[in-house]
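In: sequence isn't available, so here's the structure alone:
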């Protein structure tokens, strides 16, 4: 029988397609209303930390170096009040086989796909995850398809995305190149159904559990080297998986005193699905266009229940500007001899200023770097921005307007942090939960308890928000 491949028919089969492509019956974790058993989903669908360490070790993933940024720390101390200027360390995740922490996610997902007899894997991503899945699929001898939003309607693509496309193809993946728009998810579902391949989504329990080893390693390496846990770990935040997995790993290492701080590039005012705005941003990940929507409604992902739930773990959320991140990317190369991709330096930029608030005997870990390549260097990104009418200036970073200009700081002392109001995010999440789950009457006690955990608050806070709805 020929399947109806109309948009409406494919979307109507969405849950059935996903169940076959992931092998998880998410309804088994649902309890009605808003809540679901998140920890049981992570436990039953994922792997233990020890199993994941073995899986990743088989393909050379993990155990990346922890490097102290002595020169950047010294620079931060020049601008810090007396007695301030925490030591900054970097977890050099570019040392993973595909050049980013995404190899941790991909290693577990692709291992699981092969274990359960899938012939290939599919992932929808324009980020480093595509290269990570392609790399792991090559190691395991599986077919791989990566679906990317590469171009605007003029078929013009950003250098950074085209670089990632090149990397995927280098690892032997087939790359399905799309223009920005709503057809991505439809195409994704059609290919999953047509091929019977595994959905190596960023947001499955396999993927998020894979990042737990990163947080666990940070705690272990710090204890071996410094004799204590880090005071703060700064995580570049986009879809929330990096932060969620790292925080869960630190918790498993019993590093409960470490503060988890998210950092994103401020792209406020740009619409991620807009053809006009698609090429007017110089960062394709690690920005607020993903960070805030996914924090305030994680289940917008390509799986029924997203295993990445950053509000459960985040203590503070900081925003930085594009020009500031480019500046710190250059500083990392010039001062520390490390040339790394700009998006991964979002958290380094935040750490540079955060260190100036903290005491000199305290410590910060920037928990990732990413590889750099032809399209990911600052220069092609800046040249592309100019071609698209974006001004590149030196001055006050606060004068930067996403899509209109990129403002390099005229002095390291002018790099700043901007607080994103976490209470506002928590309120948005609770409101979205009620609306998206179609709750029209009183929210149950079970759901109130669930929302308190989800927002890292208490039941009194949740009830106060519900009263205001």
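Out: On my side now, so go ahead. All values reported here derive from a predicted model rather than from experimental measurement.

In: next, residue 394: secondary structure please.
Out: What DSSP: H, G, I helix; E, B strand; the rest coil gives for residue 394 is strand.

In: residues near it, how many?
Out: As a burial measure, residue 394 scores 13 neighbours (other CB atoms under 10 Å). All C-beta spots, glycine's among them, are computed from the backbone N, C-alpha and C.

In: and for residue 289?
Out: Using other CB under 10 Å, residue 289 is surrounded by 25 other residues.

In: and residue 189, by the same measure?
Out: Using other CB under 10 Å, residue 189 has 22 neighbouring residues.

In: am I right that it is in contact with residue 17?
Out: Yes - applying CB atoms under 8 Å, one finds residue 189 in contact with residue 17, separated by 5.3 Å.

In: what do the two both touch?
Out: Residues touching both residue 189 and residue 17 (CB atoms under 8 Å, 6 or more residues apart in numbering): residue 10.

In: can you check the pLDDT for residue 165?
Out: Listed pLDDT for residue 165 reads 89.

In: tell me the contacts of the closest residue to it other than its chain neighbours?
Out: Take residue 165 and drop its neighbours on the chain: the residue closest to it by CB to CB, 6 or more residues apart in numbering is residue 175, 5.3 Å away. Shown in contact with residue 175 (CB under 8 Å, 6+ apart): 130, 145, 146, 147, 148, 165, 168, 169.

In: indicate each strand paired with the helix or strand harbouring residue 175 and its parallel or antiparallel sense.
Out: Using DSSP states H and E, residue 175 sits in strand 174-179. Strand 174-179 has the following strand partners under DSSP bridges: strand 143-151 (parallel).

In: who touches the partner strand?
Out: Outside strand 143-151, the residues within contact range by CB under 8 Å, 6+ apart are 119-126, 130, 133-134, 137-138, 157, 161-162, 164-165, 168, 171-181, 184, 187-188, 191, 195, 197, 278.

In: and with 6 Å instead?
Out: Strand 143-151 has contacts (CB atoms under 6 Å, 6 or more residues apart in numbering) with 119-124, 126, 130, 134, 137, 157, 161, 165, 168, 173-180, 184, 187-188.

In: past that strand, which element shows up next along the chain?
Out: Next element after strand 143-151 (DSSP H and E): helix 159-170.

In: ok now that following helix, how far from the chain's centre?
Out: Remark: helix 159-170 is offset 18 Å from the chain centroid, using CA atoms, centre = their mean, to the nearest Å.

In: tell me the helices and strands packed up against that helix.
Out: With contacts taken as 3 or more CB pairs under 6 Å, 6 or more residues apart in numbering; DSSP states H and E, helix 159-170 sits against helix 128-140, strand 143-151, strand 174-179, helix 378-387.

In: give me the buried positions along the shortest one.
Out: For strand 174-179, the buried set under the neighbour-count rule, 16 or more other CB atoms under 10 Å, comprises 175, 176, 177, 178, 179.

In: now the first one
Out: Judged by neighbour count using 16+ other CB under 10 Å, the buried positions of helix 128-140 are 128-140.

In: from the residues you listed, which two are the most distant?
Out: Based on CB to CB, the longest span within the buried residues of helix 128-140 runs between 128 and 140 and measures 18.6 Å.

In: contacts for stretch 241-251, please.
Out: 202, 208, 211-212, 214-216, 219, 235, 237, 258, 260, 262, 308-310, 313, 367.

In: quick one: average confidence on the helix ranked longest in the chain?
Out: In the chain, taking DSSP state H as the definition, the longest helix is helix 205-225. Computed over helix 205-225, the mean pLDDT rounds to 96.

In: and what of stretch 402-410?
Out: pLDDT averaged over stretch 402-410 gives 96.

In: got a list of contacts for that stretch?
Out: For stretch 402-410, the external contacting residues (CB under 6 Å, 6+ apart) are 267, 269-270, 280, 322-324, 327, 385, 391-395, 397, 399-400, 415.

In: low-confidence regions, this structure specifically.
Out: Filtered on pLDDT under 70, the chain yields the residue ranges 1.
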